[in-house]
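K.L.:
Would you be able to build a 3D model of this:
(one chain, ligands or ions: 2)
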Amino acid sequence: MINFELYNPTKLVFGKGQIEKLPTLIPSNAKILLAYGGGSIFKNGVHEQVRKSLEGYNIVEFGGIEANPHFETLMKAVAIIREQKIDFILAVGGGSVIDGVKFISAAVPFEGDPIDILKKRIIFKEGATVIPFGTVLTLPATGSEMNSGSVITIATTQEKLDFGGSAMFPKFSICDPTVIASLPKRQLQNGVVDAYTHVMEQYLTYMHEGYLQDRISESILQTLIQIGPDVVENPTDYALASNFMWSCTMALNGLIQKGVPSDWATHMIGHELTALYGIDHARTLAIIGPNLYKIMFETKKEKLAQYGKRVFNLAGTEEEIALAAIEKTIAFFHTMGMKTLLSENAENIDKTADFIVDRFEKRGWKALGEKQNITLEKVKEIVLTSY
Ligand code: NZQ
Ligand code: ZN
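P.N.:
Ligands and ions are numbered 1, 2, ... in the order given. Predicted structure coming up:
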């Protein structure tokens, strides 16, 4: 097993009615920026619950953080915090609001141009000066509530870039599974597929000695397969909702990646599809993931066979199982409402592969994946296969 350090300081407060605990989590003298998205929190009562629980606090609200949060929007919040001497941020929303708040938290005290946080992919290590923040999660998917990563879009240049570091963990996250009742079906589907692909990025690599990590990954995948189709139809079922939310958090809170290799090329390519065409994050993963497994088959086939046997109970030769496992994955994504071809999700796609390869080349991303063998030629093949 590869040496590792595990650090995750986020206090996770999980379950029904937990929003009430906000006053135990935020210092009473804090001046809070309450950050949210396009307004779903007003329709489903989450805003009211948060405000009620924080009665007596000094709160400034900042709304309008869009899905795939824009640098340009977030900089408006940075200005407000600097002007009004705010010292705590509360993100109330999905991955976009939480990621946006991570950026705001880092950008407020940043000396220099905050766009460099993204362009230079600055790492904020433990002890770095950032504004403390907590979250109230409203959409299980990204794991952002318990990890230290963030993905931000620079709208003017259509770039989607990530940053993070151990200073970027939320102080706490309140995960109340009942909040998913108001999610549109499409977002529930997205959440399942995003979490599923997070596990795949950290699991579907090559054979290694992280036996426990593999078993944990496989059980998250199996749980998502078990509950995914049902939670989309019955989001008010608490057993389904709670397992869904916990699986999404566990898929990307750092645990399963410890001591093992990881890939992440599906995400890197997928982010470009969102930046170019506005396709939902999870849907880009459903387009790219299975094609990446096909093109990188020789590298991944042993692990694909293990995945096929353990997750789908497939039988046959190693090669047959590995191939069938890819088909099973695509079938599961279809069950979850995904359209797995790029042409089914966007128009005028002819130049996509060349555009992405050109961008990666300019960024120096010439060798991706767990073996650094996803070259620009392979990236092109993966994208072309997804047309
Ligand atoms: O903006 P509001 O009005 O709140 O509506 C949102 C938004 O339209 C809505 N929504 C959220 N909770 C709701 C709700 N609607 C009704 N009821 C609720 N309870 O859902 C829509 C999508 O929200 P968004 O936050 O964009 O979705 P998600 O959580 O999937 O986040 C996607 C973003 O996270 C990034 C993605 O790239 C994308 O930008 N990721 C972040 C990661 C991380 N930090 O670790 C990893 C991921 O791989 C991902 O890249
Ligand atoms: Zn993702």
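K.L.:
When you work out contacts or count neighbours from here on, use the C-alpha atoms and nothing else.
P.N.:
OK.
K.L.:
give the contact list for the most centrally placed residue in the chain.
P.N.:
Centroid-nearest residue in the chain, with CA atoms, centre = their mean: T142, separated by 2.8 Å. If you count contacts by CA atoms under 8 Å, 6 or more residues apart in numbering, T142 has them with G95, G191, D194, A195, C248, T249, L252.
K.L.:
ok, of those, which one's closest to I216?
P.N.:
L252 (12.1 Å; CA to CA).
K.L.:
Format the contacts of T142 as CSV; extra columns: distance to ligand 1, secondary structure and pLDDT.
P.N.:
Formatted as CSV, the contacts of T142 follow (distance: CA to the nearest ligand atom, whole Å; DSSP: H, G, I helix; E, B strand; the rest coil; pLDDT from 0 to 100):
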residue, distance to ligand 1, secondary structure, pLDDT
G95, 3, helix, 98
G191, 6, helix, 98
D194, 7, helix, 98
A195, 8, helix, 98
C248, 10, helix, 98
T249, 10, helix, 98
L252, 7, coil, 98
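K.L.:
Dump these to TSV, plus neighbour count.
P.N.:
Compiled in TSV, these are given as follows (neighbours: other CA atoms under 10 Å):
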residue	neighbour count
G95	25
G191	29
D194	26
A195	27
C248	28
T249	22
L252	27
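K.L.:
Can you lay out those as CSV showing distance to H70?
P.N.:
Output for these, formatted as CSV (distance: CA to CA, whole Å):
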residue, distance to H70
G95, 13
G191, 21
D194, 20
A195, 23
C248, 24
T249, 24
L252, 22
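K.L.:
what's the helix or strand for the residue nearest to the centre of the chain?
P.N.:
Using DSSP states H and E, T142 sits in no helix or strand.
K.L.:
Excluding covalently adjacent residues, which one is nearest to H271?
P.N.:
Closest residue in space to H271, ignoring its immediate chain neighbours: K160 at 6.1 Å, by CA to CA, 6 or more residues apart in numbering.
K.L.:
what's in contact with stretch 267-283?
P.N.:
Looking at what lies outside stretch 267-283 - CA under 8 Å, 6+ apart - the contacts are 153, 158-160, 190-191, 193-194, 284-285, 287-288, 338-340, 345-346, 356, 379.
K.L.:
and with 6 Å instead?
P.N.:
With CA atoms under 6 Å, 6 or more residues apart in numbering as the test, stretch 267-283 has contacts from Q158, E159, K160, N190, V193, D194, T284, L285.
K.L.:
on that earlier part again, can you read off the pLDDT for the residue nearest to the centre of the chain?
P.N.:
pLDDT recorded at T142 is 98.
K.L.:
Return the distance of it relative to K362.
P.N.:
28 Å (CA to CA, to the nearest Å).
K.L.:
A106 too?
P.N.:
A106 is 26 Å from K362, by CA to CA.
K.L.:
Would you mind telling me which of those two has the busier surroundings?
P.N.:
Just comparing A106 and K362: by other CA atoms under 10 Å the higher neighbour count belongs to A106, 24 against 10.
K.L.:
Would you agree the more buried one is in contact with V130?
P.N.:
Yes - the pair A106 / V130 is scored as a contact, 4.9 Å apart, by CA atoms under 6 Å.
K.L.:
The closest residue to E370 other than its chain neighbours: what secondary structure?
P.N.:
Excluding its sequence neighbours, the residue lying closest to E370 (CA to CA, 6+ apart) is D263, at 4.5 Å. With DSSP: H, G, I helix; E, B strand; the rest coil as the basis, D263 sits in coil.
K.L.:
Could you check the pLDDT of D263?
P.N.:
D263 is given a pLDDT of 98.
K.L.:
Now for it: which residues touch it?
P.N.:
E201, G369, E370.
K.L.:
which of those residues tops the neighbour count?
P.N.:
Most surrounded of these: other CA under 10 Å gives E201, at 23 neighbours.
K.L.:
Isn't that residue up against W264?
P.N.:
Yes - the criterion here is CA under 6 Å, and E201 meets it with W264 at 5.2 Å.
K.L.:
The stretch 51-200 of the chain against ligand 1: which residues are in contact?
P.N.:
66-68, 93-97, 99, 138-139, 141-144, 149-151, 179-180, 182-183, 187, 191 (CA under 6 Å from any ligand atom).
K.L.:
Narrow those to those in helices?
P.N.:
G95, S96, V97, D99, Q187, G191 (DSSP state H).
K.L.:
what separates the residue nearest to I326 when sequence neighbours are not counted from V50, distance-wise?
P.N.:
Nearest residue to I326 in three dimensions, chain neighbours excluded: P290, at 6.2 Å (CA to CA, 6+ apart). To V50, P290 is 40 Å away according to CA to CA.
K.L.:
Which of the two has more residues huddled nearby?
P.N.:
P290 (24 against 20).
K.L.:
in what helix or strand does the more buried one lie?
P.N.:
helix 281-295.
K.L.:
Show the average pLDDT along that helix.
P.N.:
98.
K.L.:
could you pull out the strands for the chain?
P.N.:
11-14, 31-36, 58-62, 88-93, 133-137, 149-154, 159-164, 172-175 (DSSP state E).
K.L.:
would JSON lines of these with mean neighbour count and distance to K125 be doable?
P.N.:
Formatted as JSON lines, those follow (neighbours: other CA atoms under 10 Å; distance: least, CA to CA, whole Å):
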{"stretch": "strand 11-14", "mean neighbour count": "16", "distance to K125": "19"}
{"stretch": "strand 31-36", "mean neighbour count": "23", "distance to K125": "23"}
{"stretch": "strand 58-62", "mean neighbour count": "15", "distance to K125": "27"}
{"stretch": "strand 88-93", "mean neighbour count": "26", "distance to K125": "19"}
{"stretch": "strand 133-137", "mean neighbour count": "26", "distance to K125": "16"}
{"stretch": "strand 149-154", "mean neighbour count": "22", "distance to K125": "12"}
{"stretch": "strand 159-164", "mean neighbour count": "21", "distance to K125": "8"}
{"stretch": "strand 172-175", "mean neighbour count": "25", "distance to K125": "18"}
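K.L.:
Now these in JSON lines, please, with extra columns for mean pLDDT.
P.N.:
Shown next, in JSON lines, are these (pLDDT from 0 to 100):
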{"stretch": "strand 11-14", "mean pLDDT": "98"}
{"stretch": "strand 31-36", "mean pLDDT": "98"}
{"stretch": "strand 58-62", "mean pLDDT": "98"}
{"stretch": "strand 88-93", "mean pLDDT": "98"}
{"stretch": "strand 133-137", "mean pLDDT": "98"}
{"stretch": "strand 149-154", "mean pLDDT": "97"}
{"stretch": "strand 159-164", "mean pLDDT": "95"}
{"stretch": "strand 172-175", "mean pLDDT": "98"}
